[in-house]
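S.K.: this is the structure alone, sequence omitted:
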């Protein structure tokens, strides 16, 4: 068939509008502007998958798509509860989207009373712990430290009776220091009883602030009693409120060992300290109770 | 098929033409396969300027895309965090944020055996410390 002027295959050349960029790459056609065979230049992108990075940006290249997607796959992390300690902990959050907070707990058991005196740990302080840790139930007191729960009451003989919480007994420089004046006596009653089953001796070590104790006009003794009392004790000779009791021998030197092999069961311990001087003037005497223990 | 081209006094081989309607943008006119006239039917997809949510998927519609489809994201982020633990709870406000870095929880300052009361455990897990201090300062 012979086409009329400016017509091809029945088409009017002037009606053709396609340009190369309008037609898929590789496809041949006759389009706008000439009768030449042209080849399309539109890229065929197919069905790609583009991944968007976190807070990223992307632009789809021009061309023909048969589908495809823009997607993202960022790991997520929920709440993290951290219990801190002496080691650094790294919470692996990098590259993740958090759906909850990271909570760092307080340091477990971190209170001033378990921190060495004057120290700070993790901003907590100053520490107040000062003394020995006594976890041996056979030790009543050691250099000013006692078992947890152990305490002592102090009673001073005053106006012919023992009076609670009177007298000078205080922990100084790692020792329990007792001070009495002439004709005075001071009693410490330990509030937690000890068990003498299988025990054979009680040991006391006493010192003075200045070294060895000058025992002239001083004496001390240990009393085991069934009951813990804190009222008048009538010179400790006997007080029915004490119940059954055992009086160990007096000590008049720094170190004493007392036989307790014949005594069994639970007993409260009383430490009694006497100043027998009857002369004129004030003559205060101090002793340091280093330790009392049974074995 | 040989198509006569009287305008130029030449002919082309119609079998070399391969384009069809689906190969061309919607609305454009061309002579393609078999010397037929085609009107393009390839959809022209309007440009997108889309803010993507976390892990969102956008399905690309079939058709022609002009190179202006933009996808972006604006997640809140939180920079490097370093926490000094102590006696209080510390909350790192990470919720709803993208984290480019790890969160570091520092070792508890001065948490050493010799400043903790003997026998007391302070801290937790591998970083727990059992105190050894016993004595008078």
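M.R.: The structure has been received and is ready for your questions. Bear in mind the structure is a predicted one, so any value in this text is a computation, not a measurement. Numbering: from 1, shown residues only, chains lettered A, B, ... in the order given.
S.K.: so residue B:109 touches residue A:123, yeah?
M.R.: Yes. In this structure residue B:109 lies within contact range of residue A:123 using Cβ atoms under 8 Å: 6.9 Å. C-betas here are computed from N, CA, C, even on glycine.
S.K.: overlap of the contact sets of the two?
M.R.: Contact criterion Cβ atoms under 8 Å, 6 or more residues apart in numbering or on different chains; residues bridging residue B:109 and residue A:123 by contacting each: B:84, B:86.
S.K.: chain neighbours aside, what residue packs nearest to whichever residue of chain A sits closest to chain B?
M.R.: As assessed by Cβ to the nearest Cβ, chain B sits closest to residue A:85 within chain A, at 2.1 Å. Distances taken as Cβ to Cβ, 6 or more residues apart in numbering or on different chains put residue B:127 closest to residue A:85, at 2.1 Å, once the chain neighbours are dropped.
S.K.: what bits of chain A have low per-residue confidence?
M.R.: Within chain A, the ranges that satisfy pLDDT under 70 run A:1-11, A:158-167, A:209-211, A:230-238, A:281-282.
S.K.: which residues touch the residue most central in space within it?
M.R.: By Cα atoms, centre = their mean, chain A has its centre lying nearest to residue A:109, at 2.4 Å. Contact partners of residue A:109, counting by Cβ under 8 Å, 6+ apart, are B:120-123.
S.K.: state the distance from the closest residue to chain A within chain B to residue B:89.
M.R.: As assessed by Cβ to the nearest Cβ, chain A sits closest to residue B:127 within chain B, at 2.1 Å. Residue B:127 sits 17 Å away from residue B:89, going by Cβ to Cβ, to the nearest Å.
S.K.: the more surrounded of those two?
M.R.: Relative neighbour count places residue B:127 above the other of residue B:127 and residue B:89, with 21 against 11, counting by other Cβ atoms under 10 Å in any protein chain shown.
S.K.: mind showing which ranges of chain B have poor pLDDT?
M.R.: In chain B (pLDDT under 70), the answer is B:1-12.
S.K.: okay, which residue is most central for it?
M.R.: residue B:55 (7.2 Å).
S.K.: kindly check the end-to-end length of stretch A:138-145 for me.
M.R.: 13 Å (Cα to Cα, to the nearest Å).
S.K.: buried stuff in it?
M.R.: A:138-145 (16 or more other Cβ atoms under 10 Å in any protein chain shown).
S.K.: tell me the two of those that are most distant?
M.R.: Greatest spatial distance among those (Cβ to Cβ): A:138 and A:144, at 17.4 Å.
S.K.: one step back: gap between the residue nearest to the centre of chain A and residue B:84?
M.R.: Using Cβ to Cβ, one obtains 18 Å as the distance from residue A:109 to residue B:84.
S.K.: OK, contacts around residue B:58?
M.R.: Counting by Cβ under 8 Å, 6+ apart, residue B:58 has contacts A:69-71, B:48, B:50, B:52, B:71.
S.K.: of the residues you listed, closest to residue A:100?
M.R.: Looking across the contacts of residue B:58 and measuring by Cβ to Cβ, the closest to residue A:100 is residue B:52, at 21.9 Å.
S.K.: which parts of stretch A:284-295 are buried?
M.R.: A:285, A:287-294.
S.K.: meant to ask about stretch B:78-85, not that
M.R.: B:78, B:81, B:83, B:85.
S.K.: need the nearest residue in space to the first one, chain neighbours excluded.
M.R.: The spatially closest residue to residue B:78, leaving aside those adjacent along the chain, is residue B:97, at 4.4 Å (Cβ to Cβ, 6+ apart).
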